[in-house]
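Enquirer: okay, sequence plus prediction incoming.
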Amino acid sequence: MKLQLSSNRNSETALAEPSESRIPNVIMYADGACKGNPGPGGWGAYLQSGDHKKELFGGDNPTTNNRMELQAVIEGLNSLTKRCSVDVYVDSQYVRKGVLEWMPKWKVNGWRTADKKPVKNVDLWQILDQATLRHLLRWHWVKGHSGDPGNEKADELANKGVEKILKEKKVESRAMGTTE
């Protein structure tokens, strides 16, 4: 069997090197959601390895959809306790292109864009950069809300994150004696 080798661990097409073939294979779907932009937002990650499944979600307020898309991938990757080969499915071209195309240039430019402006969401991009180093990754784009079961599950989890934030906000408003 001939393996395609790649020095880029964040490639769309890289296959595991022979010495890495014993590490666990994980499929991860990640998604973000936001009610208003900015507004209350949620992130969700659905991971599967063989018969094992993991569902993660959370949120923030105020936030943006792009931040929640990034947070979903970060949380999913950071939940893995050992080095894995991960197929990452996202419906966000912002995240996919950011990792595969833009981030290498941003790093060379001191986390600045081609027109010398600071990268938006740089805090999360830097955390994601570190998270990607621990794993062998293959990035896939899937059209959102198109019936892909994994993407629909990640979207459901992201919306649970939004609901959690909205409930917390409601409880906080009641505690302060205000209504929203």
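Expert: Cool, the structure landed.
Enquirer: quick one, helices of the protein?
Expert: In the chain, the segments counted as helices under DSSP state H are 65-78, 93-97, 103-108, 122-133, 149-175.
Enquirer: of those helices, which stretch is the most buried?
Expert: A comparison of the helices of the chain by mean neighbour count, using mean count of other Cβ atoms under 10 Å, puts helix 65-78 on top with a mean of 24. Where you see a C-beta, it was placed from the backbone N, CA and C, and this is true even at glycine.
Enquirer: which stretches of this protein have low pLDDT?
Expert: Screening the chain residue by residue with the criterion pLDDT under 70, one finds the ranges 1-21, 171-175, 177-180.
Enquirer: name the nearest residue to the residue most central in space within the chain, ignoring sequence neighbours.
Expert: The chain has residue 73 as the residue nearest its centroid, 1.7 Å off, counting by Cα atoms, centre = their mean. Residue nearest to residue 73 in three dimensions, not counting chain neighbours: residue 30, with 4.5 Å by Cβ to Cβ, 6 or more residues apart in numbering.
Enquirer: circling back to that earlier point, contacting residues around the residue nearest to the centre of the chain?
Expert: With contacts defined as Cβ atoms under 8 Å, 6 or more residues apart in numbering, residue 73 is in contact with 28, 30, 45, 88, 90, 95, 128, 131.
Enquirer: circling back to that earlier point, how about the helices of the chain in TSV, adding distance to residue 34?
Expert: Below are the helices of the chain laid out as TSV (distance: least, Cβ to Cβ, whole Å):
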stretch	distance to residue 34
helix 65-78	4
helix 93-97	13
helix 103-108	22
helix 122-133	14
helix 149-175	7
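Enquirer: ok, residue 101 - how many residues close by?
Expert: Using other Cβ atoms under 10 Å, residue 101 has 11 other residues around it.
Enquirer: please report how far it lies from residue 114.
Expert: Residue 101 sits 11 Å away from residue 114 when distances are taken as Cβ to Cβ, to the nearest Å.
Enquirer: what's the burial count for the nearest residue in space to residue 61 that is not next to it in sequence?
Expert: Here the nearest residue to residue 61 in space, its sequence neighbours aside, is residue 40; by Cβ to Cβ, 6+ apart that works out to 4.2 Å. Other residues near residue 40 come to 22 when the count uses other Cβ under 10 Å.
Enquirer: gap between residue 40 and residue 139?
Expert: To residue 139, residue 40 is 28 Å away according to Cβ to Cβ.
Enquirer: any idea how far apart the tips of stretch 130-149 sit?
Expert: This stretch, stretch 130-149, spans 29 Å end to end (Cα to Cα, to the nearest Å).
Enquirer: got the buried residues for that stretch?
Expert: By neighbour count on 16 or more other Cβ atoms under 10 Å, the buried set for stretch 130-149 is 131-132, 135-139, 141-142, 148.
Enquirer: roughly how far out does that stretch sit from the chain middle?
Expert: Computed by Cα atoms, centre = their mean, to the nearest Å, the separation of stretch 130-149 from the middle of its chain amounts to 7 Å.
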